[in-house]
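>>> Model the structure of this input:
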Amino acid sequence: MKSLKIIGAFASIIILSQPAYAQQNEMNHDGHNHSEMKHDQMNHDDHDHPEMDEEGITDVSTVIGGPTIVATVNGLVCDFCAQALKKVFKKEEAVKALKVNLDAGEVRIFLREGQMLSDAVVAKLIRKSGYSLVETKREGGA
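Predicted coordinates:
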């Protein structure tokens, strides 16, 4: 009987501690790489994403000109990739909008006027999302 109580207590601790581990925000994705994925060769019969979500943090269609960083990224294959990037970049105050072009493997980062984001920060945020940065280009005074 005593051993059943010990087992029950141990099981309760394990079960109750799981949400704490699941809610950790700061995951290390340095070893995470999708660069070998070939989205166009994958079977998409079991799920539907006819319109890849390209809407960013704000409505990208309202962002004309302005400071923009164009990042070429390895491993972008599906809408979940785009969502991972948006989730990380939306936390940055300097970022006004984000547009992900899966076909080109490109992320356009639209900055707020007067704000800046260094190449090192862009690389860190992309790595944190689980991808690797190939190069960055700057447009509109970014």
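
>>> what's the neighbour count on V73?
Other residues near V73 number 26, with proximity taken as other Cβ atoms under 10 Å. Glycine gets a C-beta too; all of them are placed from N, C-alpha and C.

>>> surely it meets R108?
No - with contacts counted by Cβ atoms under 8 Å, V73 stays clear of R108, the gap being 11.0 Å.

>>> Could you tell me what pLDDT the model assigned to P50?
Looking at P50, its pLDDT stands at 41.

>>> Next secondary structure after the top helix by length along the chain?
Secondary structure of the chain per DSSP state H: the longest helix is helix 2-22. Using DSSP states H and E, the helix or strand that follows helix 2-22 in sequence is strand 68-74.

>>> partners of that next one in the sheet?
Sheet pairing of strand 68-74 (DSSP bridges) gives strand 106-111 (antiparallel), strand 132-139 (antiparallel).

>>> Highest mean neighbour count out of the ones you listed?
Highest mean neighbour count among the strands paired with strand 68-74 (mean count of other Cβ atoms under 10 Å): strand 106-111, with a mean of 23.

>>> who touches that strand?
56, 60, 63, 66-73, 76, 85, 89, 94-101, 117, 122, 126, 142 (Cβ atoms under 8 Å, 6 or more residues apart in numbering).
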